[in-house]
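Q: how would this look folded up:
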Amino acid sequence: MKLNRHNLHHLAPEVRLPAYDLAEIRQGMVHIGVGGFHRAHQAYYTDALMNTGEGLDWGICGVGLRAEDRRARDDLAGQDCLFTLFELGDSAAAEVRVIGAIRDMLLAEDGAQALIDKLADPQIRIVSLTITEGGYCIDDSSGEFMAHLPQIQHDLAHPQQPKTLFGFLCAALALRRTAGVPAFTLMSCDNLPHNGAVTRKALLAFARQRDADLHDWIAANVSFPNAMVDRITPMTSTAHRLQLHDQHGIDDAWPVVCEPFAQWVLEDQFVSGRPAWEKVGVQFTDDVTPYEEMKIKLLNGSHLALTYLGFLKGYRFVHETMADPLFVAYMRAYMDLDVTPQLAPVPGIDLNDYKDTLVARFSNRAIADQLERVCSDGSSKLPKFSVPTLNRLIADGRDTERAALVVAAWALYLKGVDENGATYSIPDPRAGFCQALVADDALIGQRLLAVEEIFGTAIPASAEFTAAFERCYSSLRDDGVTRTLERILARGR
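A: Residues are numbered from 1 along each chain as shown. This is a model prediction of the structure:
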């Protein structure tokens, strides 16, 4: 059955349908960067609130800034902006649910002014973002906004024909200021530390160069809540679409697959109101930092600890690595011995239970989370998810061998050949640059670790870490993943 409004009530009985009238929804949010995670997270929670009869004035207008977003827009438009959320897990509670919280999607390349006008609409009170870690144009080594980038310079020179997020936001906020329309909240849902603070820094840096008065108005009127967001959401494959069709009879051009688990911890800083998401499981707090540290260092850090090793071993899915007892033992040792001592208490969370949950989530065979997805953009992920742990280990004078293995595995992964001889491409915008750093094994530690925008200054300055990295790299290259893991685990006993 093709998914659209007309066919909604002809779908299989186990499929949960919107309990609200789609015609009654009014758009109150714009989301830039519509992909799987947004649909499995923010749209999911908003739909859940609408199903209670509340929040119908918080419908979402999606936005695509890239040419490749056109297919997503066309797929959504072809099914009345409905999509299926397809939970995959061993639990009988996993659900199949049609979500109607997104009501439109605009493309920047179809007309800049239409998008600016939408962002300037007084009804839009929240603008949210999933633009990936690299989308904020912040230099990882200096923490500064990269105003020199060609696309940023274009938007500064042509403020009414922007191409970037920052150009569109400033154009719309300038219109709101002139018209006396209140500012919106700018809410990042990207997986990076202090995402609200990063968003604020980037936007204000751009605005300062565009218009000093506008900069001051944004600083005084726009809010930027930090958030911790968590739900494993693999890329939707053709196999997933066929599975949804065969098991539940839904023909959906762009479903989203995800695990049953979902978590959203959000600072309650909204200048123009917000949905009552706390009624559907979102946790509001004054300070998201301890939750963020927990998630980034334990979940994301452990993902990276597993993923490059798993790929080198020849595995291609996260659950395959978790079926290997050596990988589970290594992950637990990394979490227990290297990360947990660095974490402050997290209100309402038992860290041992949380780590047990991570093992179970990573072991979810049904979701078939691709290692390639987790491997992607390593040059942006390592500085955020692994380097802070490494820096703390070095500062505290603790053993760095297990953590050094993460970096060594990435270095060998960059060679593009696993230990079975299979070749693969490197999904990273800086792939060519990174691969050049590992071209000469004799210089690999010296050249790779010296890249300040990835590793900072403390890591290459640590003789102990550099030696640990070189031992791990040589072991992986000469003896393989299994023998290296056995050696490191035996050393840690």
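
Q: Wait, F261 touches D230, no?
A: Yes. F261 lies in contact with D230 (Cβ atoms under 8 Å); the separation is 7.5 Å. C-beta coordinates here come from the backbone N, C-alpha and C atoms, glycine included.

Q: out of these two, which sits in the busier spot?
A: D230 (19 against 16; other Cβ atoms under 10 Å).

Q: With adjacent residues omitted, what lies nearest to that one?
A: Q263 (4.2 Å; Cβ to Cβ, 6 or more residues apart in numbering).

Q: Got phi/psi on that neighbour?
A: phi -150, psi 140 (degrees, to the nearest 10).

Q: any idea how far G135 is from K313?
A: 31 Å (Cβ to Cβ, to the nearest Å).

Q: Which residue would you name as the spatial centre of the chain?
A: N191 (4.0 Å; Cα atoms, centre = their mean).

Q: hang on, that residue packs against E133?
A: Yes. Taking contacts as Cβ under 8 Å, N191 lies within contact range of E133: 6.8 Å.

Q: Could you pull out the strands in the stretch 151-300 of the chain for me?
A: 185-188, 227-230, 256-258, 263-267, 283-285 (DSSP state E, counting those that start in this stretch).

Q: Quickly list the domain ranges of this structure.
A: Per the record, the chain has its domains at 8-285, 289-491, by automatic domain parsing.

Q: Now mean pLDDT and distance to M1 too, for those domains, in CSV please.
A: What follows is these, written out as CSV (pLDDT from 0 to 100; distance: least, Cβ to Cβ, whole Å):
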stretch, mean pLDDT, distance to M1
domain 8-285, 96, 5
domain 289-491, 96, 23
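
Q: Of all those, which one comes closest to K2?
A: domain 8-285 (4.7 Å; Cβ to Cβ).

Q: And that closest one, end to end?
A: Taking Cα to Cα, to the nearest Å, the first and last residues of domain 8-285 lie 37 Å apart.

Q: how about the helices in the stretch 201-350 of the chain?
A: Ranges of helices in the stretch 201-350 of the chain, per DSSP state H, counting those that start in this stretch, are 212-221, 238-248, 289-294, 301-313, 318-322, 325-333.

Q: scratch that, the stretch 51-200 of the chain is what I was asking about
A: 70-77, 112-120, 150-157, 165-179, 195-210.

Q: Hey, what's the angle from the last one to helix 150-157? Just curious.
A: Using axes from the mean of the first three to the mean of the last three Cα atoms, to 10 degrees, the direction of helix 195-210 lies 50 degrees away from that of helix 150-157.

Q: Same check on the fourth one?
A: On the basis of the same axes, to 10 degrees, helix 165-179 is oriented at 20 degrees to helix 150-157.

Q: Please list the residues outside helix 165-179 that contact it.
A: With Cβ atoms under 8 Å, 6 or more residues apart in numbering as the test, helix 165-179 has contacts from 32, 65, 108, 112, 115-120, 122, 127, 129, 131, 135, 137, 152, 154-156, 159-160, 162, 181-184, 186, 202-203, 206-207, 210-211, 214, 217-218, 222.

Q: mind running it again at 7 Å?
A: Here helix 165-179 makes contact (Cβ atoms under 7 Å, 6 or more residues apart in numbering) with 32, 65, 115-116, 119-120, 131, 135, 152, 155, 159-160, 162, 183, 202-203, 206-207, 210-211, 214, 217-218.

Q: now it and helix 112-120, what's the angle there?
A: 60 degrees.

Q: Could you give me the buried positions within helix 165-179?
A: For helix 165-179, burial by neighbour count (16 or more other Cβ atoms under 10 Å) applies to 165-174, 176-177.

Q: From what I see, the residue nearest to the centre of the chain and D230 are in contact.
A: No. Using Cβ atoms under 7 Å as the test, N191 is too far from D230 to be in contact (8.3 Å).

Q: still on that earlier bit, and the domains of the chain as CSV, adding distance to K2?
A: Shown next, in CSV, are the domains of the chain (distance: least, Cβ to Cβ, whole Å):
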stretch, distance to K2
domain 8-285, 5
domain 289-491, 25
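
Q: Tell me who's in contact with the closest residue in space to E259 that isn't next to it in sequence.
A: Leaving aside its sequence neighbours, E259 sits nearest to I232 (Cβ to Cβ, 6+ apart; 4.5 Å). Shown in contact with I232 (Cβ under 7 Å, 6+ apart): 258-259, 361, 367, 369.

Q: Adding neighbour count and distance to S474, write those residues out as TSV.
A: Converted to TSV, the contacts of I232 look like this (neighbours: other Cβ atoms under 10 Å; distance: Cβ to Cβ, whole Å):
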residue	neighbour count	distance to S474
C258	25	39
E259	23	37
R361	21	33
I367	26	35
D369	25	30
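
Q: what's the most distant pair in those residues?
A: Most distant of those, by Cβ to Cβ, are C258 and R361, 11.0 Å apart.

Q: what's around D286, how many residues?
A: Neighbours of D286 (other Cβ under 10 Å): 8.

Q: what's the spacing between it and A197?
A: In terms of Cβ to Cβ, D286 sits 14 Å off from A197.

Q: can you list the strands of the stretch 151-300 of the chain in a markdown table and add distance to M331?
A: Formatted as a markdown table, the strands of the stretch 151-300 of the chain follow (distance: least, Cβ to Cβ, whole Å):
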| stretch | distance to M331 |
| --- | --- |
| strand 185-188 | 28 |
| strand 227-230 | 17 |
| strand 256-258 | 21 |
| strand 263-267 | 19 |
| strand 283-285 | 26 |
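
Q: Burial-wise, tell me which of those strands comes out on top.
A: strand 256-258 (a mean of 25; mean count of other Cβ atoms under 10 Å).

Q: Summarise which helices and strands that one is packed against.
A: Secondary-structure packing of strand 256-258 (3 or more Cβ pairs under 7 Å, 6 or more residues apart in numbering; DSSP states H and E): helix 36-40, strand 83-87.

Q: Would you mind listing the residues in contact with N7?
A: Contacts of N7 by Cβ under 7 Å, 6+ apart are M1.

Q: Quick check: the gap between L309 and D216.
A: 49 Å.

Q: Actually, D251.
A: Following Cβ to Cβ, the distance that separates D251 from D216 is 52 Å.

Q: what sits against K2?
A: D251.

Q: Could you report the distance from it to A19?
A: In terms of Cβ to Cβ, K2 sits 22 Å off from A19.

Q: swap in F206?
A: 41 Å.

Q: higher neighbour count, the two?
A: More crowded of F206 and A19, by other Cβ under 10 Å: F206, with 25 against 12.

Q: could you say what helices and strands the longest helix along the chain packs with?
A: Identified as the longest helix of the chain according to DSSP state H is helix 463-491. Identification of packing neighbours for helix 463-491 by 3+ Cβ pairs under 7 Å, 6+ apart yields helix 301-313, helix 325-333, helix 401-413, helix 444-448.
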